[in-house]
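**Student:** my questions are about this predicted structure, shown below with the sequence.
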Amino acid sequence: MNTPLAPPPALEPGPFGDGDLCLFIDSRRRRYLVRLQSGATFHTHAGTLAHDEVIGRFPGMTVTTSHGLSLLALRPRPKDYVLEMRRAAQVVYPKDYGAILGGAGVVPGMKVLEIGLGSGSLAIATLLAIGSSGRLVSIETRWDHAERGTANVAGYFGTSPDNHSVIVGDATRCLGGSATFDACLVDIAEPWRVLAVVHRLLRPGRYVACYSPSTTQVARTVEEMRRQYFGAIETVEVIERPWHIEGQSVRPQHRMVGHTGFVTVGAKLAL
Ligand SMILES: C[S@@+](CC[C@H](N)C(=O)[O-])C[C@H]1O[C@@H](n2cnc3c(N)ncnc32)[C@H](O)[C@@H]1O
């Protein structure tokens, strides 16, 4: 039986501790992501704030800088963290997590293969989705990206999760053996190159989800999915339109993220 792990610091329900991440939001909705450190000071354009004024207190409180700036202190969600963290490669945008993880049918306890760890954004969301009883294996060709992605994952969870393994290598070559997976997530420039390997490693009826920014990539991926015996193929694009709600002014915001990526999923057919 799996023993449930303590929640990672990022999800801890109690008060902020030394070393935890804290997201400050001011009245103009400016956001500051800070790692709390006893004895340290946070500097803003409107004065300073001792980290010790936050450590030991609960998320959701408001603190005030030396020059009177009010800051709401929260624990960062993955969507707050990944947009601020250092990047090695283009990240999966948080609005697309649901389409990728839902499309691939990822639920707690699953063993998931990720091809293209990159900056670790999708790995963080996947680890949260599978929980401590699941396992994530991430493949990454580049050492520097593997290091950055691993550091970003550890930065979010406070430590490298025990149920996350990172393999440095090319997914078309380094995935021999007989391991099988419950779902596969692919975020590389040429997803069609790994679909034969993915087909071999996925359990029958389980899903692969590929994330691609351009329509030409999607067309080629779908063509190869059909050739490699994947069925129930679907492509979606998630469009998120934030709204401005202030008194009588209730309308879409003027700016939005116009395009990130398409999500193409397919289920392995049993032959
Ligand atoms: C767009 S990034 C992935 C971003 C990641 N999904 C995230 O959310 O931060 C693509 C990554 O795939 C890696 N990559 C490309 N081809 C690969 C292959 N054949 N096997 C493993 N990794 C590969 C690249 O080095 C790059 O770091």
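**Tutor:** Cool, the structure landed.

**Student:** closest point of the stretch 1-150 of the chain to the ligand, which residue?
**Tutor:** Gly118 (2.4 Å; C-beta to the nearest ligand atom). Any C-beta I mention is one placed from the backbone N, CA and C, and that applies to glycine too.

**Student:** so which strand or helix has that residue?
**Tutor:** Using DSSP states H and E, Gly118 maps to neither a helix nor a strand.

**Student:** how close does it sit to Tyr211?
**Tutor:** With distances taken as C-beta to C-beta, to the nearest Å, Gly118 is found 10 Å from Tyr211.

**Student:** up against the ligand, what does this protein have?
**Tutor:** The chain has residues 89-92, 115-116, 118-122, 139-142, 145, 170-172, 187-188, 194 near the ligand, with proximity defined as C-beta under 6 Å from any ligand atom.

**Student:** which neighbours do Gly118 and Tyr211 share?
**Tutor:** Listed as contacting both Gly118 and Tyr211 by C-beta atoms under 8 Å, 6 or more residues apart in numbering are Asp187.

**Student:** what are the pairing partners of the longest strand along the chain, and which direction each?
**Tutor:** If you go by DSSP state E, the chain has its longest strand at strand 202-212. Using DSSP bridges, the strands paired with strand 202-212 in its sheet are strand 181-186 (parallel), strand 262-268 (antiparallel).

**Student:** I'd like the average pLDDT over the longest one.
**Tutor:** When pLDDT is averaged along strand 262-268, the result is 98.

**Student:** what residues does it touch?
**Tutor:** For strand 262-268, the external contacting residues (C-beta under 8 Å, 6+ apart) are 96, 99-100, 103-104, 191, 199, 202-213, 215, 217-218, 221-222, 225, 229-238.

**Student:** buried ones from those residues, can you make that a ChimeraX selection?
**Tutor:** This is the ChimeraX syntax for the buried subset of the contacts of strand 262-268, where burial follows 16 or more other C-beta atoms under 10 Å:
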select :96,99,100,103,104,191,199,202,206,207,208,209,210,211,212,217,218,221,222,225,230,235
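
**Student:** what residues are up against the residue of the stretch 1-150 of the chain closest to the ligand?
**Tutor:** Neighbour list for Gly118: 87-91, 140, 145, 149, 187 [criterion: C-beta under 8 Å, 6+ apart].

**Student:** try 6 Å this time
**Tutor:** Each residue near Gly118 by C-beta atoms under 6 Å, 6 or more residues apart in numbering is listed here: 88-89, 145, 149.

**Student:** kindly report the same for Ala196.
**Tutor:** Gln228.

**Student:** any idea how far the ligand is from it?
**Tutor:** 12 Å (C-beta to the nearest ligand atom, to the nearest Å).

**Student:** helix/strand/coil for that residue?
**Tutor:** Using DSSP: H, G, I helix; E, B strand; the rest coil, the structure places Ala196 in helix.

**Student:** and the strands paired with strand 202-212, which is most packed in?
**Tutor:** strand 181-186 (a mean of 26; mean count of other C-beta atoms under 10 Å).
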